[in-house]
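# need a structure here:
(chains A, B, C and D)
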2 protein chains.
Amino acid sequence: MNPEFHTYKNPSLAVDLVVFGYHNQSLSVLLLNRKDEPFKNGWTLPGGFLQMEETLQQVCNRIMHTKIGIENLYLEQLYSFDEPNRDPRGRVISIAHYALINPERFEIVAGKMANDVQWFPVNQLPALGFDHGLIFDQALQRLKSKILYYPVGFELLDETFTMPELQALYECILGITIDRRNFRRKILDAEYILLTGSKREGSKNRHPDLYKFNKALKQSNFQLNISAQQ
Amino acid sequence: MNPEFHTYKNPSLAVDLVVFGYHNQSLSVLLLNRKDEPFKNGWTLPGGFLQMEETLQQVCNRIMHTKIGIENLYLEQLYSFDEPNRDPRGRVISIAHYALINPERFEIVAGKMANDVQWFPVNQLPALGFDHGLIFDQALQRLKSKILYYPVGFELLDETFTMPELQALYECILGITIDRRNFRRKILDAEYILLTGSKREGSKNRHPDLYKFNKALKQSNFQLNISAQQ
DNA sequence: TCAAAAGTGTTTGTACTACACCCATGC
DNA sequence: GCATGGGTGTAGTACAAACACTTTTGA
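Model (predicted):
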């Protein structure tokens, strides 16, 4: 083994997670209320230290599992945060990730969720400890741009969904209003989704068509080019 | 201090650099020929371990300075690579970055450059050690997309440059051919560059106008939307 | 005056925006 | 039958692609 290999003391390596969920037409983030210093009783993103034999994905799943009780979610690496004083306990470099979940799919969660874990709508966040405000901002920005060229929405919606539901999700994440007819045309032209043939029953108005994700599109890149209604 | 804080053994933390340079109408990458195992006599990206008090930027600059003799370049964080067996010496997580330099600006480099450092055109790379082939691929892909919404070209060209030179850079990086008149219109419409008023002398043909980077644009986002000539 | 590269403008087609009416459902 | 939300088509406009001639220069 190379002698230089162990002569370096390493900063600690952690992961922080921005977990987005979409319910009640609102985009939310999971925050943890800390029991210990630093930032005791303050809100932070869930996170944890990387162990020797873990991959980044594994840490993320471990954190999600132990702190929130769910696993196997859509996960993407965001950025590494290395500001020397970002953690008052010492030098910690955090490789931030963001995750997307559909809260409806995890009813168990409510049970396992400690009462110190809460969903916060993204536009009503409390002040966050560490540099987590910064991390969150970047995650939201990434999500906004990602949704335009990758079918990210499906991680946040049910297996089947209606066109107005999909549009509401886009409007919510992007913070804009979109023309119904133009949105529909773009989404369909991209072969983004497929008709299932059934309709969502139960509403007191016309029953909208149900669509599903076009899995054939999962890898290919598309460009949605969605713009706000004036 | 939190008792959990030091109970984790951390993987080593390193940085690998994809250094792009542009000369002779060709995009190249700096590679290092290793003197030691593993991959002795093989080519790899320059890299190094993160020291306790360093920021990521500082490591990158240190590596560039000690291994290649240059500093203060355009630097962007790329991605973290965490595959457990990526380094045969042990668990090393690498936070890859890419850098852009104009080789003409660093004539000193040739002197300080050890003979084990070489430029390789990006389409004639040797096999790389570790997972550096993967890192390189991602860096090139990132550069290709970045150049469309950020004036990255200026890091690779001289202070002043002609329109055909800028176009050649775009064609080289993107690997496409672009219509001269359409390219010019888009670049000028984006207020990407400004006329200096002088012309490049010395060529045997018509002397092309010299432009310079519009620094006012440095922060704002634009969209170049350049497409290949058919 | 010739060859080689740089500068410039117009036409055509495509794609996006804006916009209004009909349809289905439950009450 | 009425109110509410869902579904659909079109006309106008703006932008992007394709394209050819003139200008400058050195040899």
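# just checking, what packs against the longest helix seen in chain A?
Longest helix of chain A, by residue count under DSSP state H: helix A:132-146. With contacts defined as 3 or more C-beta pairs under 8 Å, 6 or more residues apart in numbering or on different chains; DSSP states H and E, helix A:132-146 has these neighbours: strand A:12-23, strand A:74-81, strand A:92-101, helix A:163-174. C-beta: built from backbone N, CA, C; applies to glycine.
# could you dump the ones you listed to JSON lines with mean neighbour count?
Output for these, formatted as JSON lines (neighbours: other C-beta atoms under 10 Å in any protein chain shown):
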{"stretch": "strand A:12-23", "mean neighbour count": "23"}
{"stretch": "strand A:74-81", "mean neighbour count": "19"}
{"stretch": "strand A:92-101", "mean neighbour count": "24"}
{"stretch": "helix A:163-174", "mean neighbour count": "18"}
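# okay if I get those as CSV plus distance to DNA strand D and mean pLDDT?
Converted to CSV, the helices and strands packed on helix A:132-146 look like this (distance: least, C-beta to the nearest atom of the strand, whole Å; pLDDT from 0 to 100):
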stretch, distance to DNA strand D, mean pLDDT
strand A:12-23, 16, 95
strand A:74-81, 25, 97
strand A:92-101, 23, 96
helix A:163-174, 3, 96
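# Need the ones you listed in TSV (columns: distance to residue A:50).
What follows is these, written out as TSV (distance: least, C-beta to C-beta, whole Å):
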stretch	distance to residue A:50
strand A:12-23	4
strand A:74-81	12
strand A:92-101	8
helix A:163-174	29
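# among the ones you listed, which is nearest residue B:40?
Nearest of the helices and strands packed on helix A:132-146 to residue B:40, taken as C-beta to C-beta: strand A:12-23 at 28.2 Å.
# after that closest one, next one along is what?
strand A:26-33 (DSSP states H and E).
# Quick one: work out the angle between that following strand and helix A:132-146.
In terms of direction (axes from the mean of the first three to the mean of the last three C-alpha atoms, to 10 degrees), strand A:26-33 departs from helix A:132-146 by 150 degrees.
# Summarise which helices and strands strand A:26-33 is packed against.
Using 3+ C-beta pairs under 8 Å, 6+ apart as the contact test, the elements touching strand A:26-33 are strand A:12-23, strand A:43-44, strand A:117-121, helix A:163-174.
# Give me the helices and strands touching the first one, please.
Spelled out, it's strand A:12-23. Partner elements for strand A:12-23 (3+ C-beta pairs under 8 Å, 6+ apart): strand A:26-33, strand A:47-49, helix A:56-63, strand A:92-101, helix A:132-146.
# sorry, back to before: please tabulate the helices and strands packed on strand A:26-33 in JSON lines, including the columns distance to residue B:182.
Below are the helices and strands packed on strand A:26-33 laid out as JSON lines (distance: least, C-beta to C-beta, whole Å):
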{"stretch": "strand A:12-23", "distance to residue B:182": "39"}
{"stretch": "strand A:43-44", "distance to residue B:182": "50"}
{"stretch": "strand A:117-121", "distance to residue B:182": "44"}
{"stretch": "helix A:163-174", "distance to residue B:182": "30"}
